[in-house]
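Q: Kindly return the folded structure for what I paste below:
(2 chains)
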Amino acid sequence: QVQLQESGPGLVKPSESLALTCSVSGGSISSYYWSWIRQPPGKGPECIGYIYHSGSTNYNPSFKSRATISLDTSKNQFFLKLNSVTAADTAVYYCARLVDSPMVPQDYFDYWGQGTLVTVSS
Amino acid sequence: DIQMTQSPSSLPASVGDRVTITCRASRTISNYLNWYQQKPGKAPKLLIYAASTLQSGVPSRFSGSGSGTDFTLTISSLQPEDFATYYCQQSYDTPRNFGQGTKLEIK
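A: Numbering: from 1, shown residues only, chains lettered A, B, ... in the order given. As a prediction, this is how the structure comes out:
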């Protein structure tokens, strides 16, 4: 059973950077896509971006150049850094696996971490 | 970006009811549509992918249909554990956008 666990500071000051780690167990990150998704209070989830095990990335243009996703296969971890945060970045941040269906040529988020609340406030 | 719009935003219902939630895409996405269930304080859980394929372990009272721009999630007979918020998500293009959610509430 694949398990994901987010970790990082729960409070970040405005204009600073948010940095989160997702630790994966029960499976290797040397396959599949690995994503970061956030959910502001009372709103729907929003995909920030994802990284392939090769290191190639895809980002939501809404985050312009503020977001960077990276990975460390030796530690079975991947990371999110979000620069220049504001109060609008306050959200629960999830890491999730994005997998291609074995049945049809489509993908979906099948395993998620429990989420970590990040509050941006001075 | 492809925008996903769900209706209604909240749906009062009773145990045993048949309920339908609608999701509309801002442009055609074939059947590249997934449904998730989220309970308070928990991560979303995949229910259905490719518009109508039930994820392993999901009860058969859940079903999905649709193609193009209009999709539905139906629960044939509501159970107490089904009261939650449901999200659709398109997998046709990046970014992989979600709807704003439909909260299923006890009537």
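Q: Next to chain B, which bits of chain A? Give me the list.
A: Residues of chain A lying close to chain B by Cβ under 8 Å from any Cβ of the partner chain are A:43-47, A:49, A:58, A:60-62, A:94, A:96, A:98, A:101, A:103-104, A:106-110, A:112-115. All C-beta atoms are positioned from the backbone trio N, CA, C, and that covers glycine.
Q: Filter these down to the buried ones.
A: In the residues of chain A next to chain B, burial by neighbour count holds for A:44-47, A:49, A:58, A:60, A:94, A:96, A:98, A:101, A:106-110, A:112-113, A:115, counting by 16 or more other Cβ atoms under 10 Å in any protein chain shown.
Q: Get me the contact residues on chain B for chain A.
A: Neighbours of chain A within chain B, by Cβ under 8 Å from any Cβ: B:1, B:31-32, B:34, B:36, B:42-46, B:49-50, B:53, B:55, B:87, B:89, B:91, B:94-101.
Q: Take those residues and keep only those in strands.
A: Members of these lying in strands (criterion: DSSP state E): B:34, B:36, B:45-46, B:49, B:53, B:87, B:89.
Q: Pretty sure residue A:115 sits against residue B:40.
A: No - in this structure, residue A:115 is not within contact of residue B:40 by Cβ atoms under 8 Å, at 11.6 Å.
Q: could the ones in strands among the residues of chain B next to chain A go into JSON lines alongside pLDDT and neighbour count?
A: Supplementary listing: these in JSON lines, determined by pLDDT from 0 to 100; neighbours: other Cβ atoms under 10 Å in any protein chain shown:
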{"residue": "B:34", "pLDDT": "98", "neighbour count": "29"}
{"residue": "B:36", "pLDDT": "98", "neighbour count": "27"}
{"residue": "B:45", "pLDDT": "98", "neighbour count": "18"}
{"residue": "B:46", "pLDDT": "97", "neighbour count": "22"}
{"residue": "B:49", "pLDDT": "96", "neighbour count": "27"}
{"residue": "B:53", "pLDDT": "95", "neighbour count": "17"}
{"residue": "B:87", "pLDDT": "98", "neighbour count": "25"}
{"residue": "B:89", "pLDDT": "98", "neighbour count": "24"}
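Q: which two in those residues are spaced the farthest apart?
A: Spatially, the most separated pair among these is B:53 and B:87, at 16.8 Å (Cβ to Cβ).
Q: residue ranges with poor pLDDT in chain B?
A: Nowhere does chain B drop to pLDDT under 70.
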